[in-house]
Structure formats: structure tokens, C-alpha cells
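In: Show me how the following folds:
(one chain, ligands or ions: 2)
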Amino acid sequence: MSKAAQSTASPRAHPYPTRSSSRLSASKPEPTAAPYAKERAVAIQAVIRASTLCQGVFKKLVSAETITKKDKSPVTVADFGAQAVVNNLIRAEFPEDPIVGEEDSKDLRENAETREKVVELANSVLDKPLSSDEILEAIDYGMYEGGPKGRFWTLDPIDGTKGFLRGEQFAVALALVEDGEVKVGVLGCPNLPQKLSDPEGPRGTIFVAVRGQGAFERSLDSELETKISVSPITNVSETSFCESVEAGHSSQGEAAQIAQLLGITRPSVRMDSQCKYGVLARGDADIYLRLPVSATYEEKIWDHAGGSIIIEEAGGKVCDIHGKPLDFSIGRTLRDNKGVIASNGSIHDAVMEAVQKVLQKSKEEKTV
Ligand SMILES: Nc1ncnc2c1ncn2[C@@H]1O[C@H](COP(=O)(O)OS(=O)(=O)O)[C@@H](OP(=O)(O)O)[C@H]1O
Ligand SMILES: [Mg+2]
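Out: Numbering: from 1, shown residues only. Ligands and ions are numbered 1, 2, ... in the order given. Take a look at the predicted model:
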């Protein structure tokens, strides 16, 4: 972690009204409110409730509550519960907005015991209890296909399910996309130390950004927001980079070669989920490398929409391994992109140059 990277911003209230944390209301935003003020406030409250649900589940998590999806990734009752809660709250406030969510209710419809746990959990954080059918329906609001026109929300109810199950990092990730561009992003990171330099200190943070309005951080239980910015570091050899814990999600070998080429000596910060984007946005790391392991894997929009706007609004840059902007306008995946490279911006060109060299070398070695 670069010392220069530590955020020096002092806490300050965000200039736009944030709804009180106890109840959501459908009231209109103040007439003077900034663009997307209502979306921002509702998204924060939805993410707080889902994060609270996840924290509650984690406290009493037992492996028996894990069922298996087709792709074998672990899915928990918290995943379904968090999607039901966020979708329900978004639908109540923005009934016209479709949602692209990671989960669907298929597995849950076939498992009555898990379903009842999900209903109980979701209702524990909702003001108005929902029936089992209403919960299933809310989960399936998330089946929208996305696309280039109009607006939709995209949700990963628990990004970093493996991190969640290990008791490490995960995020509730929500974003609003309009005409292909991410406009609002909120990441709930219930396990993330508020200061990476103090891992034993208070945990639990929320990152929030609206296009053109900057990026902010707040805790789960206080409305006080701190404006955040990427690190000001310009000497690439003094930087630190973050990457996935899971070697199957990003090539750690190629990341090490890129670091070596750039003269980076600090160890990588390995972390699950979009918490990596938050850590970079507040200057606790300087580079995020997500280097494809599989030639055919398509990144999912819910895994990057919230995180990418938070980096950009904090002053950083995000693109894919070829330097192309992430394209959120073509459906549920980023099929026209490969991997993700994010940085504090000032070192971006140097990082991209090293990425190209290392990936080209790997390609040549594979064809020999
Ligand atoms: N092969 C492959 N390549 C790249 N990415 C993949 C791959 N397989 C899965 N995923 C997605 O990775 C999401 C988790 O991202 P991270 O790598 O940041 O976190 S983690 O270390 O896996 O927990 C993870 O999100 P969740 O399923 O929400 O945990 C997946 O959507
Ligand atoms: Mg995910």
C-alpha cells in the first residue's frame, strides 16, 4: 500500500440529501436535488439492507446452507435473500426500471427448506413482509437482458461468494446503467476494514458514485460521507496492485510478470470481489489487474458496473486488457471486452504498455 495513497480527505456531508436509514419512502427528491439524487439514496438504502442481511447470515453460516449452481460456484441463502431485498426496494421506488441480476429463483423453487430460510431472512430487513411467492417474484425481476437503450439496474447480491464463505471480502454491488453508460454505482463492503492499514480496526464501508459528482465512502451506519480519490502516485515502481484471490479468475503469474516489468516490489493485495475497485478508488492500492485465464469467459456486467464508475469518479481509469472501455450496452456480459485493467490514471499508460508486453509474450509462448 502506498503511503501517498492514504486518503487525506476529511469527512464531509454529501451535498445531496440522503434518506434516513430506517425507512425508505417513495417521496420525491427535493426540487433542488442533483441529478440521480433519488436513485443514489434508494440504492444506498437497498445496499445497506442487503449488507445487513449478509452479515446476519454470515454470523450463523453453516455449510449445509450452501447449494450448488450449474457452474458449481457456491450460492448461499444470503445471495438469494440479498437479491430479493434489493430488487423489491428498487421495484417499489422505480417500478418502470428493469433489473439485470446475477441470480434467478430456479434452484430455490426446487428447495423448499432453503426457500423458507430466504423468505425469513429477507423479511427480517424489509419493512413490509413478503410472501414466499413474492420473494421468488422479486428475485426474478432480475432476469432482464440489458442492452443499449433506456435504463436498467444491475445487481450482484453477493459479489465474491467465495470470499463470503471464507469470511473474507465480498460486496453487494448495485449500479444504474442508462443508454449503455453507468450513471450510479453503490458497493456495500461489510467486511472491508475502513483503513486497510488497520485490519483490526472498524470494518464495513459503502462506496458510492454518481456520474459527474465524484466518489464517496461512508460506513454502513452513518450518513457522513467522505469524498475519496485515487492515489496521486506517479512513480509506477512505488505502486501496489490488487488482484483476485482466485487464480482461476485472473492470471496471477502474468500479474507477477507485469509487476516485475514495472519494477513493483510491493506484494500484491489479493482480495475477493469489487472491494478491489473500492480499495483502489480510495487510494489504498494503485492498480487492479484482471487478466483472463480462460479464452472464452465473458465478464458479467454486475461484476464491474458499480466498481468501474467508483474508480472513474475517484479520478482513475478503467479499460480492458486491449485498452477498450468496458461496454455495458450489449447485454448481461461484457462480451466485447477481455479482462479489466484499472489504475489511478496517472500511471495508466505505463501499466498498459507492460500489460501488452507480457500478454504478447504469453501468446507467443502458447503458439510455440
Ligand atoms: N473464469 C472466470 N474468470 C473471471 N471471473 C470469473 C470466472 N468465473 C467466475 N468469475 C467471476 O468472478 C467473480 C468474483 O470476482 P473476484 O475474482 O474479484 O472475486 S473472487 O476472488 O472470485 O471471490 C465472480 O462473482 P461471484 O459469482 O458473484 O462471486 C464471478 O462472476
Ligand atoms: Mg460476482
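In: going forward, measure contacts and count neighbours with C-alpha atoms only.
Out: Noted.
In: Look at whichever residue of the stretch 51-200 of the chain sits closest to ligand 2 and report its pLDDT.
Out: Closest approach between the stretch 51-200 of the chain and ligand 2, counting by Cα to the ion: D159, at 3.6 Å. D159 carries a pLDDT value of 97.
In: And S251, how close does it get to T333?
Out: 20 Å (Cα to Cα, to the nearest Å).
In: Compare those two (neighbour count), which wins?
Out: Shown here are S251 and T333; by other Cα atoms under 10 Å, T333 has more neighbours (21 against 18).
In: give me every residue that touches that one.
Out: If you count contacts by Cα atoms under 8 Å, 6 or more residues apart in numbering, T333 has them with 298-301.
In: what kind of secondary structure is the residue nearest to C319 when sequence neighbours are not counted in?
Out: In space, and not counting its chain neighbours, C319 is closest to P325: 4.6 Å by Cα to Cα, 6 or more residues apart in numbering. Following DSSP: H, G, I helix; E, B strand; the rest coil, we place P325 in the coil state.
In: Tell me how many other residues surround I264.
Out: Counted with other Cα under 10 Å, I264 comes out at 19.
In: what does the stretch 151-300 of the chain put close to ligand 1?
Out: By Cα under 6 Å from any ligand atom, the residues of the stretch 151-300 of the chain that approach ligand 1 are 156, 158-163, 244-246, 248-249, 272-274, 294, 297.
In: List buried residues within those residues.
Out: 156, 158-163, 244-245, 249, 272-274 (16 or more other Cα atoms under 10 Å).
In: Tell me which stretches of the stretch 201-350 of the chain form helices.
Out: 252-262, 275-281, 305-313, 348-367 (DSSP state H, counting those that start in this stretch).
In: okay, those in TSV with distance to ligand 2 and mean neighbour count next?
Out: TSV is the format used below for the helices of the stretch 201-350 of the chain (distance: least, Cα to the ion, whole Å; neighbours: other Cα atoms under 10 Å):
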stretch	distance to ligand 2	mean neighbour count
helix 252-262	19	18
helix 275-281	11	30
helix 305-313	11	29
helix 348-367	24	14
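In: Save those helices as JSON lines, and put in mean pLDDT too.
Out: Below are these laid out as JSON lines (pLDDT from 0 to 100):
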{"stretch": "helix 252-262", "mean pLDDT": "98"}
{"stretch": "helix 275-281", "mean pLDDT": "98"}
{"stretch": "helix 305-313", "mean pLDDT": "99"}
{"stretch": "helix 348-367", "mean pLDDT": "95"}
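In: In a markdown table: those helices, plus distance to G142.
Out: Shown next, in a markdown table, are these (distance: least, Cα to Cα, whole Å):
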| stretch | distance to G142 |
| --- | --- |
| helix 252-262 | 32 |
| helix 275-281 | 22 |
| helix 305-313 | 15 |
| helix 348-367 | 34 |
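In: Identify whichever of the ones you listed lies nearest to Q194.
Out: Q194 lies closest to helix 275-281 among the helices of the stretch 201-350 of the chain, at 9.7 Å (Cα to Cα).
In: How about the contacts made by the residue in the stretch 251-368 of the chain that ligand 2 sits nearest to?
Out: Per Cα to the ion, D303 is where the stretch 251-368 of the chain lies closest to ligand 2, at 4.7 Å. The neighbours of D303, taking Cα under 8 Å, 6+ apart as the test, are 156, 159, 173, 273-274.
In: Kindly report the same for V358.
Out: V358 touches 254, 257-258, counting by Cα under 8 Å, 6+ apart.
In: show me the contacts for the closest residue to L262 other than its chain neighbours.
Out: Computed as Cα to Cα, 6+ apart, the closest residue to L262 that is not its neighbour in sequence is S237, at 5.8 Å. Contact analysis of S237 by Cα under 8 Å, 6+ apart lists 262-265.
In: shaky segments in this protein?
Out: Scanning the chain for pLDDT under 70 picks out the ranges 1-31, 60-75, 368.
In: hmm, stretch 169-188 in reach of ligand 2?
Out: No. Using Cα under 5 Å from the ion, stretch 169-188 never reaches ligand 2; the gap is at least 8.3 Å.
In: CA atoms only for that stretch, dumped as CSV, please.
Out: In CSV, the C-alpha atoms belonging to stretch 169-188 read as follows (Å, rounded to 0.1, in the frame of the first residue of the first chain):
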residue,chain,number,x,y,z
GLN,A,169,-14.2,-9.9,1.4
PHE,A,170,-17.4,-9.7,-0.6
ALA,A,171,-19.6,-6.9,-1.9
VAL,A,172,-23.2,-6.1,-2.5
ALA,A,173,-22.9,-4.4,-5.9
LEU,A,174,-25.6,-2.3,-7.5
ALA,A,175,-25.4,0.1,-10.4
LEU,A,176,-27.8,2.0,-12.7
VAL,A,177,-27.0,1.9,-16.4
GLU,A,178,-28.6,4.4,-18.8
ASP,A,179,-28.2,4.2,-22.6
GLY,A,180,-25.1,2.0,-22.1
GLU,A,181,-23.4,4.3,-19.6
VAL,A,182,-23.1,3.6,-15.8
LYS,A,183,-24.7,6.5,-14.0
VAL,A,184,-24.8,5.4,-10.4
GLY,A,185,-22.8,2.8,-8.5
VAL,A,186,-23.0,1.6,-4.9
LEU,A,187,-20.8,-1.1,-3.4
GLY,A,188,-21.6,-2.4,0.1
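In: partner residues bridging E217?
Out: Taking DSSP bridges as the rule, E217 bridges to F207, T226.
In: Look up how far E243 lies from it.
Out: As defined by Cα to Cα, E217 lies at a distance of 21 Å from E243.
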